[in-house]
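In: Predicted model and sequence follow; I will ask about them next.
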Amino acid sequence: MTELLYLGDYSCRIISKNNTVLYINPEKGKDYSQQADIILQTTKTNRSLVQLHITTDQTKIFNQDLLEVGKKVRYQEMLIERIADDTYRIEVDDKKILVCGNQDITVDGKDDYALVPIMHTEISEEKMAALARQIIPIHTSQAALFDYRVAIALQVDNKLILEPAMKVDLQEENHRNLKELETQLYPLLLDAAEKFHMTMICMNDGVAMAQMIVTPKDINPLGLIYGGISYNFADIVAGCTFYSAGGYGPTVSANYDYLRSTADTERLVAIAKDIKRGKHIHFIEVEIYNDAAKLVAKGGFTYFVQN
């Protein structure tokens, strides 16, 4: 397994198959339990307290002052190349990860992943999609660790949305759904796909994201999406989130608020998170966004945990 942990904002951690630990811009997020073998600082921020905490006498640190454009450096099984002023490439375990800056860049598109900061980027969405096999949006907010609305609004078909603290195995070919969960939930997802034109975007431990394509039959005489359609979509995604967190059981109660008009909406996106995991009760919160990344509805679903 080659593990990528997204910590939030610009910060990530990569652990190789041989347990070499590389941090990218260690500053934001919570999980800095592993000491760093390598630190790659691609931004011009000062050395943080986090960086001091994870640094040992053996830690190798690379930044814009220590690695010139066009130069490569290898440490243990990781190869780091600075391919432009603010863009780097990491090669580890036969995988290539592009770490982009804000400046526009042209590459061959053969990288497996690209970490792309979305705020203030000069890279167009069309060029962004061609950077690598999968695009991971980072730096989606100036103030918060992550902004789902910005990530959702990004019109890049091959994007892989990771929330802070989410881990993925870079050796996997498809991260859009966890394979085991997809198999177990297949009947439900198939039914939802037929009824609501719904597809899962990502599903992990206590987190799920899905989109629904709006069809003419979903529109009421007022030109809005039927409230029941929106509610059922949220209920299904909440149920998948409950199951992904290890839960199984019926819905006990739910509340759902309609916050904004859904006129002229072509698709809805649901983001669900587990808020509380109890021995008998599990609470899931769901937010529904339109295709302009505006929050249109929000609900809470309580499930009974069956043994």
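Out: Yep, it's here.

In: okay, CA-based contacts and neighbour counts for the rest of this
Out: Noted.

In: how about the helices in this structure?
Out: Assigned by DSSP state H, the chain shows helices spanning 49-54, 125-129, 148-153, 179-184, 186-196, 227-244.

In: for these, which one sits closest to residue 272?
Out: Proximity to residue 272 (Cα to Cα) singles out helix 227-244 among these, at 5.8 Å.

In: distance of the residue nearest to residue 110 when sequence neighbours are not counted from residue 76?
Out: Nearest non-adjacent residue to residue 110, counting by Cα to Cα, 6 or more residues apart in numbering: residue 132, 5.9 Å away. Separation of residue 132 from residue 76 (Cα to Cα, to the nearest Å) stands at 25 Å.

In: Tell me which of the two has more neighbours.
Out: Applying other Cα atoms under 10 Å to residue 132 and residue 76 shows that residue 132 carries more neighbours, namely 23 against 10.

In: For the more buried one, name its beta-bridge partners.
Out: For residue 132, the beta-bridge partners are residue 111 (DSSP bridges).

In: now the one 5 residues further on
Out: Beta bridges link residue 137 to residue 116, judged by DSSP bridges.

In: count of neighbours near it?
Out: 27.

In: if I look at residue 288, how far off is residue 235?
Out: Residue 288 sits 11 Å away from residue 235, going by Cα to Cα.

In: more crowded one of these two?
Out: residue 288 (25 against 22).

In: who's in contact with residue 197?
Out: Applying Cα atoms under 8 Å, 6 or more residues apart in numbering to residue 197 gives the contacts 212, 213, 214.

In: mind giving me JSON lines with these and columns for pLDDT, distance to residue 302 and neighbour count?
Out: Formatted as JSON lines, those follow (pLDDT from 0 to 100; distance: Cα to Cα, whole Å; neighbours: other Cα atoms under 10 Å):
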{"residue": "212", "pLDDT": "91", "distance to residue 302": "22", "neighbour count": "22"}
{"residue": "213", "pLDDT": "91", "distance to residue 302": "26", "neighbour count": "16"}
{"residue": "214", "pLDDT": "94", "distance to residue 302": "26", "neighbour count": "19"}
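
In: from the residues you listed, which is closest to residue 113?
Out: Nearest to residue 113 among those, counting by Cα to Cα, is residue 212 at 26.0 Å.

In: Now do the contacts for that closest one.
Out: 196, 197, 198, 199, 233, 267, 268, 269.
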